[in-house]
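**Student:** A structural model of the following input is requested.
(2 chains)
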Amino acid sequence: MKKQLFITFLKIGGFTLGGGAAMVPMMQREIVDRNHWLTKEEFLDIYAVSQATPGIFAVDMASHIGYKCGGLKASICAALGVVTPSIVIILAIAIIFSQFQDNPWVEAFFKSVRPAVVALLAVPIFSMARSARITWTNCWIPVLSTVLIWLCGVSPAWIILVAGVGGYVYGRCIGRKDKNTDSQ
Amino acid sequence: MIFLRLFYVFSYIGLFNFGGGYAMLSFIQQEVVQKNGWMTEAEFTDIVAISQSTPGPIGINCATYVGYTAVMNDAFVTDGILAELGLGWIWGIIGSLLATISVLWLPFIVMIMVSRFLLRHHDSTTQKSIFAALRPAIIGLLASAALSLMNTSNFGSWSDNPTQFVVSIAIFAAVFVGMMKRRLNIIYTTLACGLLGIVLYGIIGL
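**Tutor:** Alright, predicted model coming up:
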């Protein structure tokens, strides 16, 4: 199990370009579709949690999944897996090829990888939307948070905080009322 | 002592960074270039460029590289006996490992405590109603990340280089449709796009 976690996260760390949200498509593929460590819903939940807690998203994700699957040691294995490729590659560049970014071949490679990375990131928006149970009554939530972050420059951490508190208040006040009317 | 300072500064960055990779870069810059003067602005810009174009989380790439450079620039290493033997990079490796571990350990402890709590209260209705509101918001987060990446540095611009712009749009559309319909392999797709770039921009010279 620990080995499986380490190797999967090694793959995620070693083959995703762009960092942050650009790692989501690969994570979803490996964690939800292939290994079934999380359902799509749980994946979204942990995405929210790792946005609201300090630290690096991919490492937060790895630590949680490791912990869920096999406790503290497994969690350390998963977290080390996701950072190991970074450390090895960056050290190799720092020690051996410090002129890396001026290479015209590297530049040509990235010129056409960048639009592909954006496309990869656009896919989970649609494939995840169903798991988020977006309906006519709550579709304003993703639209509003997109506008606030993208156009108004609001930090995602605030969106998570407000949405979390909103969900809590809704569950306490209105959700309970709904349940009572259902049972009657 | 550079190693103690590295540990302190990167632990601080790790604990107080909430904004993801790009926010972390400016946080690191503030601490490393402005406050501590471990490297020049130009050195840091190079590090950012490399962190963005290598695999893995950008924050980790940056911390690893900054740890290496900061230690290599320090008098402790440049005047030391290992440097005279041409082995100064050994200190550099220690610096990069130290910076990376320092940036990770506090958020890791926080995340484990949060995970424990979440798994223990998995069935509580309060937790369920909180996540019911969070999930749609996360879709918004992903959408805004994708939208903000649709910029001229990723796609080129129509006025500067129409060919590159058209090629970028075509690649975007092809990968998007391919992923939605056929679930292509992500690694192979990325590599294929890169090779296409080498052929188009490197060999043919568009």
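**Student:** Tell me how far stretch B:140-160 lies from the chain's centre.
**Tutor:** For stretch B:140-160, the separation from the chain centroid amounts to 17 Å (computed by CA atoms, centre = their mean, to the nearest Å).
**Student:** ugh, wrong one, stretch A:143-154
**Tutor:** 18 Å.
**Student:** remind me, longest helix of the chain?
**Tutor:** I'll assume chain A. In chain A, taking DSSP state H as the definition, the longest helix is helix A:57-95.
**Student:** Can you look at chain B instead?
**Tutor:** Max-length helix for chain B by DSSP H is helix B:89-120.
**Student:** Buried residues in the helix or strand following it, which are they?
**Tutor:** Going down the chain from helix B:89-120, the next helix or strand is helix B:125-149, by DSSP states H and E. By neighbour count on 16 or more other CB atoms under 10 Å in any protein chain shown, the buried set for helix B:125-149 is B:127, B:129-149. Yep, even glycine has a C-beta here, placed from its N, CA and C like the rest.
**Student:** Show me what helix B:125-149 is packed against.
**Tutor:** For helix B:125-149, the packing partners by 3 or more CB pairs under 8 Å, 6 or more residues apart in numbering or on different chains; DSSP states H and E come out as helix A:40-52, helix A:104-129, helix A:140-150, helix A:156-170.
**Student:** Same list, those, but as TSV with mean neighbour count and distance to B:A192 please.
**Tutor:** Listed next are these as TSV, based on neighbours: other CB atoms under 10 Å in any protein chain shown; distance: least, CB to CB, whole Å:
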stretch	mean neighbour count	distance to B:A192
helix A:40-52	22	26
helix A:104-129	22	9
helix A:140-150	19	29
helix A:156-170	18	31
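**Student:** would you turn the ones you listed into CSV with distance to chain B and mean pLDDT?
**Tutor:** Shown next, in CSV, are these (distance: least, CB to the nearest CB, whole Å; pLDDT from 0 to 100):
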stretch, distance to chain B, mean pLDDT
helix A:40-52, 4, 88
helix A:104-129, 3, 85
helix A:140-150, 3, 89
helix A:156-170, 3, 86
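**Student:** Figure out which of the ones you listed is closest to B:Y68.
**Tutor:** Comparison of those against B:Y68 by CB to CB identifies helix A:104-129 as nearest, at 19.8 Å.
**Student:** got the angle between the closest one and helix A:40-52?
**Tutor:** Comparing the axes of helix A:104-129 and helix A:40-52 via axes from the mean of the first three to the mean of the last three CA atoms, to 10 degrees yields an angle of 120 degrees.
**Student:** what helices or strands is helix A:104-129 leaning on?
**Tutor:** helix A:24-27, helix A:40-52, helix B:125-149, helix B:152-155, helix B:162-182, helix B:186-197.
**Student:** My read is that A:G70 contacts A:K2, right?
**Tutor:** Yes. Between A:G70 and A:K2 there is a contact at 6.3 Å, judged by CB atoms under 8 Å.
**Student:** domain parsing for chain A?
**Tutor:** Per the record, chain A has its domains at A:2-133, A:135-184, by automatic domain parsing.
**Student:** sorry, that was for chain B
**Tutor:** For chain B, automatic domain parsing gives the domain ranges B:2-118, B:150-206.
**Student:** ok, residue 37 - how many residues close by?
**Tutor:** As the question left the chain open, I've gone with chain A. The local packing of A:W37 (other CB atoms under 10 Å in any protein chain shown) involves 19 other residues.
**Student:** actually it's chain B I care about, not the one you picked
**Tutor:** When neighbours are defined as other CB under 10 Å, B:G37 has 10 of them.
**Student:** Torsion angles phi and psi at B:P55?
**Tutor:** Backbone torsions for B:P55, taken as degrees, to the nearest 10, come to phi -60, psi 160.
**Student:** excluding its backbone neighbours, what's nearest it?
**Tutor:** Leaving aside its chain neighbours, B:P55 sits nearest to A:G14 (5.3 Å; criterion: CB to CB, 6 or more residues apart in numbering or on different chains).
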